[in-house]
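[1] All I have is the shape, not the residue letters:
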C-alpha cells in the first residue's frame, strides 16, 4: 500500500475531520460566543472566540482566518474597528457583523466596504451556519 494512503488510513477519527475553514468570533456575551462557536465547530469549522476588540486585533495580527464574525458593540474597540483593521491586512477576508441594535443595520451602508454581511440578534444558529458556509465555500 502507498505510504501516503496508509498514513491517511491510520489516522484517528478526530484527525480525519475535514476543516472547512478558520473562523474568528468576537463576542463579549459569553453565551452567544459559545453558542455560535459550538454550532460552527459541529459544522466542521476551526473556531477561535475572543471577547474584546483588543484581543481580536492581537490575534488578527498573528493568525489568518477565513472569516470573522464580530459583534458591533464591544467595549473600547468596536466591531467596526476590528473589521477595518482586518480589511487593512486581509482585504478579502469576509466580515459578518452581529448586532441586537436595529440602528446598526441602518448604518451598514456606511460600513459596506468593511462589512460583508449583517445579522440581527437574536438569530437562529442554523442561520449563522448557512451564512458562514456561503462565505467560506
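    Good, I have the coordinates. Fair warning: this is a prediction, and the values are worked out from it, not measured in the lab. Numbers count the residues shown, from 1 in each chain.
[2] which intervals of the chain have sub-threshold pLDDT?
    Applying pLDDT under 70 to the chain picks out residues 1-18, 102-112.
[3] And the helices in it, which stretches?
    3-9, 13-16, 30-42, 53-62, 79-89, 102-106, 108-111, 125-136 (DSSP state H).
[4] Okay, and the beta partners of the spatially closest residue to residue 19 that is not a sequence neighbour?
    Spatial nearest neighbour of residue 19, excluding adjacent residues (CB to CB, 6 or more residues apart in numbering): residue 46 at 5.0 Å. Every C-beta, even on glycine, is put in place using the N, C-alpha and C of the backbone. Beta bridges link residue 46 to residue 22, judged by DSSP bridges.
[5] wait, what's in contact with residue 46?
    By CB atoms under 8 Å, 6 or more residues apart in numbering, the contact set of residue 46 is 19, 21-23.
[6] With residue 64 instead?
    22, 90, 93.
[7] For these, please prepare JSON lines with the additional fields distance to residue 52 and neighbour count.
    Formatted as JSON lines, the contacts of residue 64 follow (distance: CB to CB, whole Å; neighbours: other CB atoms under 10 Å):
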{"residue": "22", "distance to residue 52": "19", "neighbour count": "17"}
{"residue": "90", "distance to residue 52": "20", "neighbour count": "15"}
{"residue": "93", "distance to residue 52": "19", "neighbour count": "19"}
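[8] and which of the residues you listed is nearest residue 126?
    residue 22 (20.9 Å; CB to CB).
[9] For residue 87, see how far away residue 137 is.
    Distance, residue 137 to residue 87, using CB to CB, to the nearest Å: 21 Å.
[10] So these two - more neighbours on which side?
    For residue 137 versus residue 87, neighbours defined as other CB atoms under 10 Å are more numerous around residue 87 (18 against 7).
[11] My read is that the more buried one contacts residue 80, right?
    No: in this structure, residue 87 is not within contact of residue 80 by CB atoms under 8 Å, at 10.5 Å.
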